[in-house]
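Engineer: quick one, structure for this:
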Amino acid sequence: MSDSVKTEKKKALKEKRKRLWAEFKAFINRGNAFNLAVGVVIGGAFNAIVTAFTNILLSICTWGVPGGLKGLITVLPAANDAQKGMEGIGQFFSADQLQNLARSQAISTYGESTVENTPTLIENVKATILSKYTLHGTTYTYNMSAVIDWGTFINAVISFLIIALTLFVIVKTVAALNKKRLEFEANAREAYYQKHPEERPAPVVPGAPKPTQEELLTAILAELKKQNGEVEKPAE
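Structural biologist: Residues are numbered from 1 along each chain as shown. The predicted structure is shown next:
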């Protein structure tokens, strides 16, 4: 391969790189891409605000519910031995019964005298129970049991309604502010045209044909002659 061919290929490759870089810079400098990036960043920050506000309202709405909405569950009957839970405890129990159940389990396993001499056995049994049961509000349920979590569903519905209402109020507020801004600009523009009527644009007649390029050039030329004090001679 001759040197001239290699030079031409290097030159073509260099031009291609320059063209790709120019296209990339044009893409990232586009208004749409920039606005999209700004929208994503602001949307992420705004999502944190809406989530925090929603959690506050949910806490207020569920103030009087013991354990909150997470405690609204339905434990389905055991369909097999794996769902029956630990012997002597069952599929679920109240959170305030945890200590007594742990003590009873420890006594039944190690004996009362051993438990009295070694109190840490109760804590060991409690840890075993907690590893097999999950707390829903104020109720522990066996991990293998089938549970209908009504609280999570209601929580999701309430969160959706609160977020939708919050966004609706924000959108309405922004729309009202934008309307006032447009009205202010229109009033300011009208006041300016009243002081300078010569600069008011000609009204656009709906359905009227648009002037051609020749007509626009003729009108511009006539206006320039008028400003220069030239009088157009009538055609003979």
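Engineer: quick check: which helices or strands does whichever helix in the chain runs longest pack against?
Structural biologist: Assignment by DSSP state H gives helix 150-195 as the longest helix of the chain. If contacts are counted by 3 or more Cβ pairs under 8 Å, 6 or more residues apart in numbering; DSSP states H and E, helix 150-195 sits against helix 31-61, strand 73-75. C-betas here are computed from N, CA, C, even on glycine.
Engineer: same thing but 6 Å
Structural biologist: Contact partners of helix 150-195 among helices and strands, from 3 or more Cβ pairs under 6 Å, 6 or more residues apart in numbering; DSSP states H and E: helix 31-61.
Engineer: which parts of the helix it packs on are buried?
Structural biologist: Buried residues in helix 31-61, counted by 16 or more other Cβ atoms under 10 Å: Thr54, Leu57, Leu58.
Engineer: for Ala186, see how far away the first one is.
Structural biologist: Which is Thr54. Distance, Thr54 to Ala186, using Cβ to Cβ, to the nearest Å: 38 Å.
Engineer: what of Lys10?
Structural biologist: 60 Å.
Engineer: poorly predicted segments of this protein, please.
Structural biologist: 1-3, 27-35, 65-67, 202-209, 211, 229-236 (pLDDT under 70).
Engineer: give me the three-state assignment for the closest residue in space to Glu123 that isn't next to it in sequence.
Structural biologist: Leaving aside its chain neighbours, Glu123 sits nearest to Ala102 (7.6 Å; criterion: Cβ to Cβ, 6 or more residues apart in numbering). Look at Ala102: counting by DSSP: H, G, I helix; E, B strand; the rest coil, its state is helix.
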